[in-house]
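[1] with the sequence up front, the predicted model follows.
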Amino acid sequence: MKKPLLLTFFILVLAGCGSSVPGVTFPQVMNPKAAVFVEEFSDLQCPACAFISPVVTEIVRRNPGIIKLAFYHFPLSYHPFAFIAAEAAECAADQGKFWEFMDTVYKNQSSLNEDFLYSVADQLGLNAGSFKTCMETRAKKTVVQMGFQEGRDRQIPGTPTLFVNGKRVQWAGEEAFEGYVKGLAE
């Protein structure tokens, strides 16, 4: 299979179909019809991610017709609340609040623990019973593991890691990143 055809197939599978696991949306995607494809691998307890991820999300929000963002959880083993926070974000996604949940956790990262995750769900007005069931049954464990495995398969060096149209890029600041991505759309 030729590279452009393979890349097109890969993007369609990620953006259009989601995962092959019933009930699992993988990865979370913002602006699925936009031209430039940004992929982010992040950890909700990573300090660098708390700095960069909200900026990337804001850039994507400012450029809805240009930038598509796929978010992958990559919880690092030495961050004790990263995995459960990722699961909680996915539980919030079931109620349409993934991005809001992520923003709130990143802004309050120093408060991160299991009780805090429930308070974020409450603050965002999520259905408490559904969120609790999702968390207690570990319903989103698979999707978090899928993101982590995708990162391992792509040999990411740590978090945050960004790819633009399949190419790993270094963060050089908000203005440089936004200019680079917008330049690809022209």
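    Noted; the coordinates are in hand. Residues are numbered from 1 along each chain as shown.
[2] could you give the bridge partners of the residue nearest to the spatial centre of the chain?
    In the chain, the centroid-proximal residue (CA atoms, centre = their mean) is residue 71; its distance is 2.3 Å. Beta bridges link residue 71 to residue 28, residue 40, judged by DSSP bridges.
[3] what residues of the longest helix seen in the chain count as buried?
    Determined from DSSP state H, the single longest helix within the chain is helix 47-62. Using 16 or more other CB atoms under 10 Å as the burial criterion, the residues of helix 47-62 that qualify are 49-50, 52-53, 56-57, 59-60. To be clear about C-beta, it is placed using only N, CA and C from the backbone, and glycine gets the same treatment.
[4] now those residues in TSV, with pLDDT and distance to residue 41?
    As requested, the buried residues of helix 47-62 are exported to TSV (pLDDT from 0 to 100; distance: CB to CB, whole Å):
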residue	pLDDT	distance to residue 41
49	97	9
50	97	14
52	97	11
53	96	10
56	96	11
57	94	14
59	95	17
60	94	15
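[5] from the residues you listed, pick the one nearest residue 99.
    Nearest to residue 99 out of the buried residues of helix 47-62 is residue 57 (CB to CB; 6.4 Å).
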